[in-house]
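> how does the following fold in three dimensions:
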Amino acid sequence: MLRGILTVGGWTMGSRLLGFARDMLIAALAGTGGVADAFFVANKLPNMFRRLFGEGAFNAAFVPEFTGLLATEGHEAAKSFAQQAISVLAFWLLGLTVLGEIFMPGIMHVLAPGFVDEPGKFQLAVDLARITFPYLILICLAALLSGVLNGLDHFAAAAAAPMLYNISSIAAMLLLTRYVPTVGHALAWGVSIAGVAQLALLVWATRQAGMPMAIPRPRLTPAMRILLRRMLPGLVGASAMQLNQVVDVIVGSLLPPGAISLLYYADRVNQLPLGTIGAAVGTALLPLLSRQVRGPDPQAAITTLNRALEFALVLTVPAALALIVSGYPILAVLFQRGAFDLHSALLSSQSLAAYALGLPFFVLVKVLAPAFFARSDTTTPVRIGMITLVLNFALNLALMIPLQHIGPALATSLAAIFNVGMLALMLHRKGFLVADTRLRRRLPRIGLAAVAMAATLWLVQTHLFNPVDLAGGMRWAALAGLVGAGSAVYGVVGLVLGAFEGRELLGRLRRRPRAA
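As a prediction, the model looks like this:
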């Protein structure tokens with residue numbers, strides 16, 4: 001499992017870093033103004049559906065069935081099932097894309113009601129959303145092919161595909177901006193072009209993996225009916241966090257101008273550890289758990305879940321504290337240039353601290369949910385997801401006025417904490433989550449090492465950073481020194497306390513994962 005996590009995590013980290021280059025360019029060209037707000041809302045729409053139908057519910061139902069068929073009935077049966085799934089998904093998404101293009105103004109009334117009072121901004125958001133919306137069908141098909149590759153234990157190509165999204169966005173801003181009305185239009189075209197490139201890469205990767213895909217005539221076979229029944233409840237359960245973030249956008253559109261952009265930049269920084277660790281653990285965990293619960297030793301799945309929890313917390317607890325303590329210098333160094341000033345960095349760092357509070361829990365949702373999906377249980381997560389959505393919406397309404405741009409982020413984090421608590425409780429009641437001795441021993445040690453790191457960051461940044469220095473040429477060196485000091489303290493204290501074992505991790509790192 002760890003080899004798969006490291007493969008996915010490595011490629012995802014590369015993509016996230018490239019994404020920061022993209023976001024730095026967006027910040028410089030668009031800042032936190034109306035064009036930025038309009039594009040972020042327009043881009044949220046296809047990405048929401050991607051996570052619902054692609055990475056979320058569909059894959060949560062598809063991967064266990066595909067992996068099970070591969071293990072029990074062989075290569076051809078699994079391939080036939082995957083091709084049927086692609087056909088049904090393509091048919092459904094094509095219809096959804098056409099409807100979205102036609103009814104985009106009505107959709108935007110729901111997604112960004114605060115834009116209605118600004119006709120120019122509202123129309124810009126509609127125009128950009130119509131450009132980006134075809135990304136939906138392209139990336140959802142790419143996500144299904146990623147599920148095929150992950151089921152075959154080929155993780156690298158699927159994890160590398162998002163890099164094409166960032167490359168396309170950067171190229172579009174640099175090359176298309178002068179030929180289109182706004183930088184938002186260039187970004188929107190870059191999104192759809194990226195979808196074509198990602199799908200093409202994954203079509204090639206499945207062929208290289210020995211399972212080329214074709215698209216037969218869509219038919220609702222018994223296998224597809226079962227798949228759809230398991231998918232539908234998962235539309236909410238598997239993607240509660242994403243739907244919570246959509247609520248943040250709705251509420252953000254009602255806040256003062258620029259709030260959506262402030263939340264976006266904060267979320268992008270939060271997404272570096274979240275996307276890298278959460279995507280890696282969730283992607284590698286689901287196929288393994290699916291095999292173990294159907295194998296001769298179901299107890300192995302409980303042990304695997306313990307190790308996944310341990311690995312996730314070793315990385316996310318220090319990351320969360322680091323973002324809370326050092327969010328302001330991080331955002332200022334990354335984005336403070338052009339249209340994005342230091343005041344924007346300060347406000348966005350406040351949102352980042354609220355998001356970071358929930359960071360470990362966002363990742364733990366991705367660890368715990370596969371424990372249900374591997375057992376073909378999508379009902380329990382959907383019930384918890386529905387309650388979480390209601391709670392998040394209520395918290396947003398309660399916090400939006402007193403906390404402004406901090407409110408949606410804090411509401412999302414509190415909802416994630418509730419979500420994890422309920423998922424863990426239900427798994428424990430069913431006997432699928434039992435903390436072993438190693439996990440119970442290491443958790444408090446992880447916390448102590450992270451606190452030591454946070455104290456170090458606070459002391460070091462008071463000497464390295466102030467508003468003048470942040471605007472100077474040494475800010476990148478100062479940030480590198482800050483990160484290095486925090487990482488060194490966490491590593492040394494963690495090793496001394498026994499929060500993790502360096503020899504064990506290095507031994508796993510030496511094992512070469514599959515490259516495709």
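> low-confidence ranges in the stretch 101-250 of the chain?
By pLDDT under 70, the weakly predicted segments of the stretch 101-250 of the chain are 155-156, 230, 232-245.
> 80 instead, please
Scanning the stretch 101-250 of the chain for pLDDT under 80 picks out 147, 150-162, 220, 223, 226-250.
> report the distance from the helix or strand in which residue 443 is found to the chain centre.
Taking DSSP states H and E as the criterion, residue 443 maps to helix 437-464. From the chain centre to the centre of helix 437-464 is a distance of 25 Å (Cα atoms, centre = their mean, to the nearest Å).
> just checking, what packs against that helix?
Here helix 437-464 touches helix 299-335, helix 475-497, going by 3 or more Cβ pairs under 8 Å, 6 or more residues apart in numbering; DSSP states H and E. (Glycine included, C-beta is placed from N, CA and C.)
> buried residues, the last one. List them.
If I follow you right, that is helix 475-497. The neighbour-count check on helix 475-497 (16 or more other Cβ atoms under 10 Å) flags 475, 478, 479, 482, 485, 486, 489, 490, 491, 493, 494, 497 as buried.
> just the longest one next, same as before
Within helix 299-335, the residues that count as buried by 16+ other Cβ under 10 Å are 301-302, 304-335.
> C-terminal to that helix, what's the next element?
In N-to-C order, the element after helix 299-335 by DSSP H and E is helix 342-357.
> so which elements touch the helix or strand following that following helix?
Counting by DSSP H and E, the next helix or strand C-terminal to helix 342-357 is helix 359-373. Judged by 3+ Cβ pairs under 8 Å, 6+ apart, helix 359-373 is in contact with helix 57-72, helix 222-237, helix 240-254, helix 259-273, helix 279-293, helix 299-335, helix 379-403, helix 407-429.
> who wins for proximity to residue 148 among those?
Taking Cβ to Cβ, helix 57-72 is the member of the helices and strands packed on helix 359-373 nearest to residue 148, at 6.6 Å.
> so that closest one versus helix 359-373, what angle?
Relative orientation of helix 57-72 and helix 359-373, computed by axes from the mean of the first three to the mean of the last three Cα atoms, to 10 degrees: 50 degrees.
> ok now helix 57-72, how far from the chain's centre?
For helix 57-72, the distance to the chain centre is 21 Å (Cα atoms, centre = their mean).
> if we can go back for a sec, mind giving me CSV with the buried residues of helix 475-497 and columns for distance to residue 357?
Shown next, in CSV, are the buried residues of helix 475-497 (distance: Cβ to Cβ, whole Å):
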residue, distance to residue 357
475, 26
478, 25
479, 22
482, 20
485, 23
486, 18
489, 21
490, 19
491, 24
493, 22
494, 21
497, 24
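> could you dump the helices and strands packed on helix 359-373 into CSV with distance to residue 33 added?
Below are these laid out as CSV (distance: least, Cβ to Cβ, whole Å):
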stretch, distance to residue 33
helix 57-72, 35
helix 222-237, 34
helix 240-254, 14
helix 259-273, 7
helix 279-293, 31
helix 299-335, 14
helix 379-403, 21
helix 407-429, 19
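> ok, which of those helices comes nearest residue 35?
helix 259-273 (9.5 Å).
> enumerate every residue touching the closest residue to residue 346 other than its chain neighbours.
Distances taken as Cβ to Cβ, 6 or more residues apart in numbering place residue 328 nearest to residue 346, at 6.1 Å, with adjacent residues excluded. Counting by Cβ atoms under 8 Å, 6 or more residues apart in numbering, residue 328 touches 345, 346, 349, 465.
> and the helices in the stretch 101-250 of the chain?
104-111, 119-132, 135-151, 156-160, 162-176, 183-208, 222-237, 240-254 (DSSP state H, counting those that start in this stretch).
> just name the most buried of those helices.
Ranked by mean neighbour count under mean count of other Cβ atoms under 10 Å, the helices of the stretch 101-250 of the chain are led by helix 135-151, which reaches a mean of 26.
> about what we covered before: a markdown table for the helices of the stretch 101-250 of the chain, including distance to residue 438?
Output for those, formatted as a markdown table (distance: least, Cβ to Cβ, whole Å):
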| stretch | distance to residue 438 |
| --- | --- |
| helix 104-111 | 45 |
| helix 119-132 | 46 |
| helix 135-151 | 27 |
| helix 156-160 | 28 |
| helix 162-176 | 33 |
| helix 183-208 | 36 |
| helix 222-237 | 29 |
| helix 240-254 | 28 |
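> to residue 412, which of the ones you listed lies closest?
Here helix 240-254 is closest among those (Cβ to Cβ), at 5.0 Å.
> CA atoms of stretch 120-134 as CSV?
The C-alpha trace of stretch 120-134 is given here as CSV (Å, rounded to 0.1, in the frame of the first residue of the first chain):
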residue,chain,number,x,y,z
GLY,A,120,-21.5,42.3,-15.9
LYS,A,121,-19.9,39.9,-13.4
PHE,A,122,-22.8,37.5,-13.6
GLN,A,123,-22.7,37.4,-17.4
LEU,A,124,-18.9,36.9,-17.3
ALA,A,125,-19.3,33.9,-14.9
VAL,A,126,-22.0,32.4,-17.3
ASP,A,127,-19.7,32.8,-20.3
LEU,A,128,-16.7,31.3,-18.6
ALA,A,129,-18.7,28.4,-17.2
ARG,A,130,-20.0,27.6,-20.7
ILE,A,131,-16.4,27.4,-21.9
THR,A,132,-15.2,25.2,-19.0
PHE,A,133,-18.2,22.9,-18.8
PRO,A,134,-17.1,20.4,-21.5
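> centre of the chain to that stretch, how far?
23 Å.
> kindly report the same for stretch 170-189.
25 Å.
> one more: stretch 357-367?
The answer for stretch 357-367 is 11 Å, by Cα atoms, centre = their mean.
> and for stretch 144-164?
15 Å.
> end-to-end on that stretch?
Terminal residues of stretch 144-164 lie 17 Å apart, using Cα to Cα, to the nearest Å.
> just say helix, strand or coil for residue 377.
What DSSP: H, G, I helix; E, B strand; the rest coil gives for residue 377 is coil.
> can you give me the neighbour number for it?
20 (other Cβ atoms under 10 Å).
> what does residue 96 give?
16.
> same thing with residue 356?
By other Cβ under 10 Å, neighbour count at residue 356 equals 27.
> okay but it is in contact with residue 272, surely?
No - taking Cβ atoms under 8 Å as the definition, residue 356 is not a contact partner of residue 272, at 10.9 Å.
> list the contacts of residue 341.
residue 31.
> repeat the analysis, applying 7 Å as the threshold.
Residues counted as contacts of residue 341 (Cβ atoms under 7 Å, 6 or more residues apart in numbering): none.
> look up how far residue 31 lies from it.
8 Å (Cβ to Cβ, to the nearest Å).
> now render the helices and strands packed on helix 437-464 as JSON lines, adding distance to residue 24 and mean pLDDT.
What follows is these, written out as JSON lines (distance: least, Cβ to Cβ, whole Å; pLDDT from 0 to 100):
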{"stretch": "helix 299-335", "distance to residue 24": "6", "mean pLDDT": "86"}
{"stretch": "helix 475-497", "distance to residue 24": "12", "mean pLDDT": "88"}
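> quick one: which helix or strand includes residue 79?
helix 75-102.
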